[in-house]
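Trainee: any chance you can model this:
(one chain, ligands or ions: 1)
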Amino acid sequence: MTTTNRTSAHSTSATVSRLVRAQHAVEGDGFVVRRPFPTASLSHLDPFLLFDHMGPIEFEPGKGVGTPWHPHRGFETVTYLLEGDAEHRDSMGNHGFMSAGDTQWMTAGSGVLHKEGPSGAAQSAGGRMHGLQLWVNLPAAKKMIPPAYQDLRAEANAVRHEPGATVRVIAGDLFELHGPGSTHTPISYAHLTLEAGATVSTSLPAGHRVLVYPMIGALSVGDTQIDEGILAVVEGDILEVRGVADQSEVIVLTGEPIGEPVARYGPFVMNTEAEIRQAFSDFERGTFGAPLD
Ligand code: MN
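Mentor: Coordinates of the predicted model:
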């Protein structure tokens with residue numbers, strides 16, 4: 001799907017319709033994240049189920065934290081690193097490492113176990129860690145597909161440099177770039193680095209939910225400034241973002257809403273409570289596989 005050349009007399013400039021302040025939450029073995037959702041007041045922003053901003057943190061040798069073995073069913077976990085070195089294992093037998101700019105796109109589907117955290121080398125040396133984990137829902141027809149995995153390296157990202165700006169697209173079509181990630185529903189995912197005053201713009205895919213989040217710094221969309229730790233929901237045809245801080249690292253996400261009921265409990269996201277009970281039952285019976293180390 002192309003999102004270019006949609007400019008017309010009827011195109012509207014995107015404006016901010018909602019600002020969501022991230023709350024602090026603790027994940028896994030004690031990793032503190034900034035989380036715009038899910039919270040008590042905002043369950044999800046269809047098709048996105050969770051948005052966890054991890055770090056940036058500096059950890060001492062031996063003090064890095066991750067998550068121990070845990071299951072997922074019914075959606076995808078998408079992890080993008082801005083800084084640091086991470087390691088992951090899963091019950092499909094995958095074992096991988098990630099560095100800055102890499103994305104791990106895991107489709108849990110019918111069920112998988114995984115663990116994730118700083119790499120062994122980073123754990124020994126100490127270091128920095130900064131990243132984003134997103135949960136992307138799957139439609140009912142795909143919730144029980146076999147688990148799968150995409151290892152998207154930084155060098156595979158579609159990249160364009162403009163004065164004061166770098167645009168990287170990991171999945172979908174944004175900023176006239178096409179990302180390498182394969183998605184089950186229409187999703188696009190971009191990371192912008194902006195100097196103060198730098199402006200970049202893109203057509204937005206029609207009908208998508210659009211989220212803009214500064215991981216570092218601040219930016220403006222129309223007349224609205226979006227500060228670090230604030231997630232903006234924007235609406236319109238053409239998105240123009242302008243760097244406000246000296247250097248801003250900004251995530252732009254779009255996704256076509258799935259429009260189905262969401263039943264969720266912890267690591268399982270299905271359509272009905274009965275399916276959640278079945279997920280617990282299957283997990284306890286061992287159908288998700290077993291930890292591999
Ligand atoms: Mn997980």
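Trainee: please make it C-alpha for all contacts and neighbour counts, starting now.
Mentor: Will do.
Trainee: got any ranges where the stretch 151-293 of the chain has weak pLDDT?
Mentor: The stretch 151-293 of the chain contains no residues with pLDDT under 70.
Trainee: and the pLDDT at residue 119?
Mentor: Residue 119 is assigned 87 on the pLDDT scale.
Trainee: quick check, it in contact with residue 87.
Mentor: Yes: taking contacts as CA atoms under 8 Å, residue 119 lies within contact range of residue 87: 4.5 Å.
Trainee: ok, which stretches of this protein are helices?
Mentor: 120-125, 273-285 (DSSP state H).
Trainee: thought residue 240 was touching residue 224?
Mentor: No: using CA under 8 Å, residue 240 is not in contact with residue 224, being 11.4 Å away.
Trainee: which of the two has more neighbours?
Mentor: Using other CA atoms under 10 Å, the more surrounded residue of residue 240 and residue 224 is residue 240, with 16 against 13.
Trainee: report the buried residues of stretch 55-66.
Mentor: Going by neighbour count (16 or more other CA atoms under 10 Å), the buried part of stretch 55-66 is 55, 56, 59, 64, 65, 66.
Trainee: mind listing what the first one touches?
Mentor: What that stands for is residue 55. Residue 55 makes contact with 32, 33, 34, 129, 130, 131 under the criterion CA atoms under 8 Å, 6 or more residues apart in numbering.
Trainee: what's the farthest-apart pair in those residues?
Mentor: Among those, the pair separated by the greatest distance (CA to CA) is 34 and 129, at 13.6 Å.
Trainee: overlap of the contact sets of these two?
Mentor: Jointly contacting residue 34 and residue 129 under the rule CA under 8 Å, 6+ apart are 54, 55.
Trainee: neighbour count winner among these two?
Mentor: Shown here are residue 34 and residue 129; by other CA under 10 Å, residue 129 has more neighbours (23 against 20).
Trainee: check the more buried one and give its pLDDT.
Mentor: The per-residue pLDDT reported for residue 129 equals 93.
Trainee: roughly how far apart are it and residue 232?
Mentor: Using CA to CA, to the nearest Å, residue 129 is found at 24 Å from residue 232.
Trainee: in the stretch 1-150 of the chain, where is pLDDT below threshold?
Mentor: For the stretch 1-150 of the chain, applying pLDDT under 70 flags the ranges 1-9.
Trainee: all strands for it, in order.
Mentor: With strands called from DSSP state E, counting those that start in this stretch, the stretch 1-150 of the chain shows them at 15-21, 23-27, 31-37, 48-59, 67-72, 75-83, 86-90, 95-98, 103-107, 112-118, 127-137, 148-152.
Trainee: ok, residue 186 - contacts?
Mentor: Neighbouring residues of residue 186 by CA under 8 Å, 6+ apart: 172, 255, 256.
Trainee: want to throw those into a markdown table with distance to residue 198 and neighbour count?
Mentor: Below are the contacts of residue 186 laid out as a markdown table (distance: CA to CA, whole Å; neighbours: other CA atoms under 10 Å):
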| residue | distance to residue 198 | neighbour count |
| --- | --- | --- |
| 172 | 23 | 24 |
| 255 | 25 | 24 |
| 256 | 28 | 18 |
